[in-house]
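1. After the sequence you'll find the predicted model.
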Amino acid sequence: MTTQTALKSLRIELVAHSPGRVLEFVAFLYPAGGAFVVGWPSAPGEVRNDAEGRPVLLHVAPARWLVPAPCDEITALVDAAVAASAGMSIDATGKWCEFHLSGPDAGRALGLSIDSESVLDGRECASVVLFDCPCVLARVSSGYAIWVRASFAVDFEAAFGRLRAPARDR
Amino acid sequence: MSGNLRRGTRLRGETLRFRFDGRDYTGQVGDTAASALLANGVRAMGRSVKYRRLRGVLAAGPEEPNALFTVGTDPCVIPNVYAPQLELTDGLVARSQNRWPSLRYDVASLLQAGGGFFGAGFYYKTFIWPSWHAWEAPIRALAGLGTAPRDANLAPVPHEHSSCDVLVAGGGAAGLAAALAAARGGARVVLVEREPVCGGELEFESGAIDGQAPLEWVRATLAELDRLGARILTATTLVAGNGGEYVAHFEPGGLPGCSTMYKIRPKQIVLALGAVERPIAFVNNDLPGVMLIGAAERFLARYGVRIGKTLVLFANHDRAYAAATRLVAAGMRVRAVVDTRPADAVGAAAASRRAALVAGGTECLAEHAVLAARGGREVRGATIAPLATPSATRNFGCDALLVSGGWGPSVHAGTQEGGTKRYDASLGAFVATEQPAGRANAGGANGILELGAVLADGTAAGRNAARVAGRGSDASAAPTGAGDPAPRLVPFWRSPADRAGEKRQFIDYQNDTTVADLRATLEEGFIDVEHVKRYTALGFGTDQGRIGGLLGAAILAELRGEPLAEVGTSRLRPPYHSVAMRSIAGLRVDENLRITRRTPLYDWHLAHGGVLEPMDLWMRPRYYTQNGPAAYEAGIVEARRVREVGGIVDGSTLGKIEVAGPDAAAFLDTLYLTKASTIKVGRSKYMVNLREDGMVLDDGIVLRLAEDRFLATTSSGHGAHMLSHFEHYRDTEWSGRGVTVTDVTEAWAVIVVAGPTSRTALNAVLGASWAESIDALTHMAFARGLHGGQDLAVLRASFSGELAFELHCRPAIAVGLWESLVAAGLQPYGLEALDILRVEKGYLVSSELNGQTTPADLGMDVMIKLGNPCIGRDLLDRPAFREATRPRLIGVRAVDGRGRFYGGAQLTAADAPNRPCGYVTSSVYSPALGEWVGLALVSRLHAEGAVLTARDPLRIGDCAVRLTSIVHYDASGGRMKS
């Protein structure tokens, strides 16, 4: 029988990654049209990963893409879209802090803030609010990649720290 | 109390020790506090709130109105814990409530001496002289349920969010059948059950399901559900639903502490919450020893507690005979079964049991009623009479009086969010009817109480839910069973009593609402059931009318001479079950109550004496402690230092929106009072947004980064609002155009460098490569480049009146730049100093942008005259905005140069001393001028030079002030342009 287990020992690991250059690309039109067919995750929630399975281009909201650590190939893709007058690229370096959440209870930990299973049902990424912090959440092979607005990052990390900590009277 | 079997379905045998009201007792693992105390012969477990009547356990679930305990020791106590649900643990300490100094001897119970009960409305009508407030304190001390803890020491309660195909609320026969059918159909099922084990009445009901004993079927069903992947959440009560999300509260042991709130979003929900047994009103029906029949059966089956040696049962349905049979079989003597119905109303099965009971010595009385319970501190007997001749009373000795007036289906959840109910005369109760999409009731909530029908109803509901949720349909056979017969109930609400007796016919035990109260309430003109509820407190408190709500409505209907169906019941509201406030708060407690946004310099400020204060979600330094003991003193030091030497302030909290695209300039032209399209690349402009109604929304600087790219800054507290404003117009009237809007607030840290040495310090820090650019910067121009390999823009702009620069840098270099500036001789200053500098120069602080001021009110006539047709511009031409009494921003200073006046002070003229003509919006002590200066919004009837009185009676009294130019310091602007 399935029963509740105490939350005092969630088996999760949250690792912050060093912030690097980040771009956001915003299309003028939505649906974005033909310029975004090849190489672009064209539907909101779709993600393009690199060969190692890391998200490199995330369609985080209608007509808005997050480009974490843009490589030459993705940069060229974005530049081409700008050149085609399909949208604008914005240098958002410093806006986002990247975290990686893993462990057997990672999904359950997210479930303490949102129903992540439903949110990511049929999609690979979503713009969400986790523990009151605006984030982009993406499922990756080893867990979840999470980009948190930088000004919220300390509280975001602290929220997960509290989930791991034993409660006083448990 | 008889000796106890102490063999119950929930007992595990191991002995536990606990303390109640200062006395030590023992119980068993699996006991609840109520069952263990009953097994120890303790009947009195609390006193009522109003009359302080001694009370015992009435029910066996969360509907229990009397036995509420305070658990723990001061100051870490938890009040109002339901004793029938409080799981016994070794060392448990509990005490009864609403008594002083002890449960047995309560001083306040003297209030009921002489039988003169304080009826409904007594307090409202009595304690009005000399004033309610004179009585308020002692009455409040007597009122209320328990005492709030000073320190509960509870852990934060996690909120778990999930979804499923079918949520089943209730783990009795109907719920289990529904869950099984849905899970067999392939649905992802979650079942919540408020008890620590599933089964409901199957724990004691006679009969069989699929050829098995009921409890065997429960075990087999749970095992199959587990195999099918269903999630079973026991000790979890469905407490509320909202917008398709249902909240279930997990409270193991019936005690806050290790709780969890489950927020479940199902595609379909089946409400199988059963029915709650209700009492019958008779005189002294609240004596300890009076208990619901179902509760007595639960205490017997679960915990092996025999509730008495000699019992009298009082009911209006067939189930009483089945219960009596089981109680006799358990070794108790049933002295009498008192049935309000005619003898021929009894069904065949019940008649057979009745015959057996009679043969065993039980007197079965048809068309009789218990008129009164007899006894002092507990039941010693019952006064019984034929309904046709109530004066022909007989007294029956007994030590427990078990009562059942039928069942009220649990339609609480079913009537939320649009669900309806209807009156079912055969049950004498309301049952759920129309339900919103995605929700269905099953079993008791539909008024179905016979086991076989309950199983069929639950199965049908589960199958349908799975099908509608897009899963398969279960084709296997539904469970079949038979248990206690249908109750064949004939509604009966209260026994005959005279007016004096009605004062002791209790309806709502928790609030001491009696039949006499309902009568008095009607006589005073409160007819509607909702008004009656509020006048009598019927249905208040933790039981929320589950025991007395329907009973009260029925008696009200009788007194009004109207059908119960028309009178109805009061509205049921969530939560269904008491929920600790801490569970609702979840993780948002203590330091986590409010999220904090931090700038890259946050830690530096804290480490260097910064005293932070909130601005929206941001925390910003108000002042630095090394400059003074409080904001006032430190602010003066910091402001003076900026004017004399220079200083730096963290401006990273400014909202920053990048607007890009070929149509960006035109887009901004519509959003701002003046044109953005006229800004040259590399320059910036102070600009103002208007709301649609012409009022000023926000102000800030807009930088043109490129022909097709702008950076718009907003005030710190308006960042999110302004982004929403921009996005709204981008996504509506500008949809499809060549413009994009992106929040880049965190992408740029901002350090403001102000003061006469700012340029020198900046050159020293940024080095030679930047020197030429900085020296060449004119007012509102900016230069861009790299510093430390990161982007940096240096904007020459001032909100202090001094030569000043804004460094917009990537967060990675913010701390390094800041520390370099400190090393170059510039000390940080906080918001207090910033306000001083701004008010001295007549710059808007924040209170001037109050949503009620137009640009003209704020002295921005020049901007208006430029005629940019922006949002809100047309409405500036409204005649009302040109009236002479419109406020206008103006400077204000004390007439004598020494007086003080604060922001918020009302301004009055000599000819109208009681009618304010304006108010002070901002005021500061100016270290540069050596006096208090301020800004004010004052009727245009009063011009510069006028003398007014700043009235502030609650703080510092009156001060004569003179209206002046808004610019108090360096009117020529020479310092800023130097």
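-> That came through fine. Numbering: from 1, shown residues only, chains lettered A, B, ... in the order given.
2. domains for chain A, by residue range?
-> If you go by automatic domain parsing, the domain ranges for chain A are A:12-16+A:95-164, A:20-91.
3. For burial, what's the neighbour tally of B:Tyr623?
-> If you count neighbours by other CB atoms under 10 Å in any protein chain shown, B:Tyr623 ends up with 28. All C-beta atoms are positioned from the backbone trio N, CA, C, and that covers glycine.
4. gap between the helix or strand containing it and the chain center?
-> Element membership of B:Tyr623, judged by DSSP states H and E, is strand B:618-624. Taking CA atoms, centre = their mean, to the nearest Å, the mean C-alpha location of strand B:618-624 is offset from the chain mean by 31 Å.
5. Where does pLDDT dip in the stretch 501-650 of chain B?
-> The model of the stretch 501-650 of chain B has no residue with pLDDT under 70.
6. hmm, back to that, make a markdown table from the domains of chain A and add mean neighbour count, distance to B:Phe726 and mean pLDDT to it.
-> Output for the domains of chain A, formatted as a markdown table (neighbours: other CB atoms under 10 Å in any protein chain shown; distance: least, CB to CB, whole Å; pLDDT from 0 to 100):
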| stretch | mean neighbour count | distance to B:Phe726 | mean pLDDT |
| --- | --- | --- | --- |
| domain A:12-16+A:95-164 | 20 | 16 | 93 |
| domain A:20-91 | 18 | 12 | 93 |
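7. Relative to B:Glu502, which of those is closest?
-> Proximity to B:Glu502 (CB to CB) singles out domain A:12-16+A:95-164 among the domains of chain A, at 52.4 Å.
8. Just name the shakiest helix or strand of chain B by mean pLDDT.
-> None of the helices or strands of chain B scores lower by mean pLDDT, DSSP states H and E than helix B:122-126, at a mean of 81.
9. can you give me the strands in the stretch 801-950 of chain B?
-> Along the stretch 801-950 of chain B, counting by DSSP state E, counting those that start in this stretch, strands occupy B:804-809, B:827-828, B:887-894, B:906-908, B:918-926, B:931-939, B:947-951.
10. now for these, which one comes closest to B:Ala281?
-> Proximity to B:Ala281, assessed across these by CB to CB, is greatest for strand B:906-908 (60.0 Å).
11. Mind listing the strands that closest one pairs with, and their directions?
-> Counting by DSSP bridges, the strands paired with strand B:906-908 are strand B:918-926 (antiparallel), strand B:947-951 (antiparallel).
12. Am I right that B:Glu613 sits in a strand?
-> Yes: counting by DSSP: H, G, I helix; E, B strand; the rest coil, B:Glu613 is part of a strand.
13. can I assume it is in contact with B:Asp835?
-> No: using CB atoms under 8 Å as the test, B:Glu613 is too far from B:Asp835 to be in contact (11.9 Å).
14. Between these two, tell me which one has more neighbours.
-> Comparing B:Glu613 with B:Asp835 by other CB under 10 Å, the one with more neighbours is B:Asp835, at 21 against 15.
15. ok, now which ones touch B:Arg691?
-> Going by CB atoms under 8 Å, 6 or more residues apart in numbering or on different chains, B:Arg691 touches B:697, B:851, B:871-872.
16. Including neighbour count, distance to chain A and pLDDT, could those residues go into JSON lines?
-> Listed next are the contacts of B:Arg691 as JSON lines, based on neighbours: other CB atoms under 10 Å in any protein chain shown; distance: CB to the nearest CB, whole Å; pLDDT from 0 to 100:
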{"residue": "B:Leu697", "neighbour count": "23", "distance to chain A": "23", "pLDDT": "96"}
{"residue": "B:Gly851", "neighbour count": "9", "distance to chain A": "26", "pLDDT": "93"}
{"residue": "B:Ile871", "neighbour count": "20", "distance to chain A": "21", "pLDDT": "97"}
{"residue": "B:Gly872", "neighbour count": "20", "distance to chain A": "26", "pLDDT": "96"}
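17. measure B:Ala39 to chain A for me?
-> The gap separating B:Ala39 from chain A is 28 Å, by CB to the nearest CB, to the nearest Å.
18. ok, how many other residues are close to that residue?
-> B:Ala39 has 25 neighbouring residues, counting by other CB under 10 Å.
19. where does the residue nearest in space to the middle of chain B fall, helix, sheet strand or coil?
-> Here the mean C-alpha position of chain B is nearest to the C-alpha of B:Ile584 (CA atoms, centre = their mean), at a distance of 6.1 Å. Here B:Ile584 is recorded as helix under three-state DSSP.
20. was I right about it contacting B:Met261?
-> Yes: here B:Ile584 reaches B:Met261: they are 7.5 Å apart, a contact under CB under 8 Å.
21. mind listing what's buried in whichever helix or strand comes after the strand holding B:Tyr623?
-> Sequence order places helix B:631-644 as the next helix or strand after strand B:618-624, per DSSP H and E. Within helix B:631-644, the residues that count as buried by 16 or more other CB atoms under 10 Å in any protein chain shown are B:631, B:634-643.
22. Which helix or which strand is home to the residue of chain B found nearest chain A?
-> Proximity of chain B to chain A (CB to the nearest CB) peaks at B:Ala155, 3.4 Å away. Counting by DSSP H and E, no helix or strand carries B:Ala155.
23. Also B:Val961?
-> Element membership for B:Val961, per DSSP H and E: strand B:959-964.
24. Quick check: what element follows that strand along the chain?
-> Criterion used, DSSP H and E; the element after strand B:959-964 is helix B:974-977.
25. Any buried residues in the strand holding B:Val961, and which?
-> Neighbour-count burial for strand B:959-964 flags B:959, B:961-964 (criterion: 16+ other CB under 10 Å).
26. ditto for stretch B:414-421
-> Here stretch B:414-421 shows B:414-417, B:419, B:421 as buried, counting by 16+ other CB under 10 Å.
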